[in-house]
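Peer 1: Predicted coordinates and the sequence they were generated for:
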Amino acid sequence: MIDTHVHLNFEDYIDDLETVILDAEKAGVSHMVVIGIDEGSSRLAIELSKQYPNLFASVGVHPSESENMFEMQATSTQFIEDMLKEDKVVAIGECGIDLYHEDYNLEYQQHVFKNQIELAKTYQKPLIIHSRSGVRECIDMLKPYQGQVKGVFHCFNGSKEEANEILELGFYIGVNGPITFKNAIDAKDIAIHVPIEKLLIETDGPYLSPEPYRGRRNQPANVKYILKTLAQLKNMSEADVDTITTQNAKKLFLLP
């Protein structure tokens, strides 16, 4: 299993990071991609990847952090380009559009997102897309780059029609804790609808803990519950789902 999206660089793990990583290994997690949301967290993701052989880093600016940059009148994503020189940086992000909160600044989110799409194109690194309430906007921004960039729509919560457009763009779709929730009909339907060859599994730890740990801090070891539910939804064996989603992640992120 590969946890393709986890924030081990957040303070939530500061007291027991070693244990969390060991628990993940015991659960059968072979690789974890630690996700940056700004310069500081991206730098820490790289540092952690250097300390632990099975950790890899993604560096980028989350849309909510792009708004913070706007307030500070900072427009540069130069730090991402500098960090891409590091061996264990396997992706750019998470980046994208987030229209969940009413006080969003769409114009600046688009500016920062486009910068990162251009970097992905130049350096041929996959994008990790955050698209909460902004799936349509993300798709529209990526369409001009079809065939030039690749990546994953992490924690996807759009429609089947939007999922089809994402697949046409050559992107993967990430599924996580919500597919284990009894009332998450839409998340389950998407997991059934999207071909297994285009799915990645992720925890988004410390958020979105799957059943039976809903409401508690999430961690990479819990990816096994997502895999188990996905296997049930797909009417496949857990071993086959593990093999295919692992291959998907290795192909996208060029993991060893």
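Peer 2: All right, it came through fine. No experiment lies behind these values; they were computed from the predicted model shown.

Peer 1: which residues in the stretch 51-200 of the chain form strands?
Peer 2: For the stretch 51-200 of the chain, the strands defined by DSSP state E, counting those that start in this stretch cover 55-59, 89-96, 127-130, 151-153, 172-175, 199-201.

Peer 1: okay if I get these as JSON lines plus distance to Ala239 and mean neighbour count?
Peer 2: Backbone N, C-alpha and C define where each C-beta goes, glycine included. Converted to JSON lines, the strands of the stretch 51-200 of the chain look like this (distance: least, CB to CB, whole Å; neighbours: other CB atoms under 10 Å):
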{"stretch": "strand 55-59", "distance to Ala239": "24", "mean neighbour count": "28"}
{"stretch": "strand 89-96", "distance to Ala239": "25", "mean neighbour count": "28"}
{"stretch": "strand 127-130", "distance to Ala239": "27", "mean neighbour count": "30"}
{"stretch": "strand 151-153", "distance to Ala239": "23", "mean neighbour count": "28"}
{"stretch": "strand 172-175", "distance to Ala239": "18", "mean neighbour count": "24"}
{"stretch": "strand 199-201", "distance to Ala239": "14", "mean neighbour count": "25"}
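
Peer 1: Any chance of the ones you listed in JSON lines with mean pLDDT and distance to Lys228 as columns?
Peer 2: Shown next, in JSON lines, are those (pLDDT from 0 to 100; distance: least, CB to CB, whole Å):
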{"stretch": "strand 55-59", "mean pLDDT": "98", "distance to Lys228": "24"}
{"stretch": "strand 89-96", "mean pLDDT": "97", "distance to Lys228": "25"}
{"stretch": "strand 127-130", "mean pLDDT": "98", "distance to Lys228": "24"}
{"stretch": "strand 151-153", "mean pLDDT": "98", "distance to Lys228": "21"}
{"stretch": "strand 172-175", "mean pLDDT": "98", "distance to Lys228": "12"}
{"stretch": "strand 199-201", "mean pLDDT": "98", "distance to Lys228": "10"}
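
Peer 1: could you dump those to TSV with distance to Leu255?
Peer 2: What follows is those, written out as TSV (distance: least, CB to CB, whole Å):
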stretch	distance to Leu255
strand 55-59	7
strand 89-96	7
strand 127-130	14
strand 151-153	13
strand 172-175	14
strand 199-201	12
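
Peer 1: Tell me which of the ones you listed lies nearest to Leu233.
Peer 2: Leu233 sits nearest to strand 172-175 of all the strands of the stretch 51-200 of the chain, at 9.2 Å, using CB to CB.

Peer 1: low pLDDT regions in this protein?
Peer 2: The chain contains residues with pLDDT under 70 at 67-76.

Peer 1: contacts for the top helix by length along it?
Peer 2: Looking across the chain with DSSP state H, the single longest helix is helix 106-123. Here helix 106-123 makes contact (CB atoms under 8 Å, 6 or more residues apart in numbering) with 60-61, 63, 66-67, 69-70, 75, 77, 80-81, 84, 92-93, 95-99, 125-127, 134, 137-138, 141-142, 145, 148-149, 151.

Peer 1: Next: stretch 13-21.
Peer 2: Residues outside stretch 13-21 that contact it (CB under 8 Å, 6+ apart) are Leu8, Met32, Leu48, Tyr52, Asn54, Leu55, Pro206, Gln219, Pro220, Ala221.

Peer 1: So which of those are in helices?
Peer 2: Using DSSP H, the members of those that fall within helices are Leu48.

Peer 1: okay if I get the contacts of stretch 13-21 as CSV plus distance to Ile173?
Peer 2: As requested, the contacts of stretch 13-21 are exported to CSV (distance: CB to CB, whole Å):
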residue, distance to Ile173
Leu8, 23
Met32, 19
Leu48, 26
Tyr52, 27
Asn54, 24
Leu55, 23
Pro206, 22
Gln219, 22
Pro220, 19
Ala221, 22
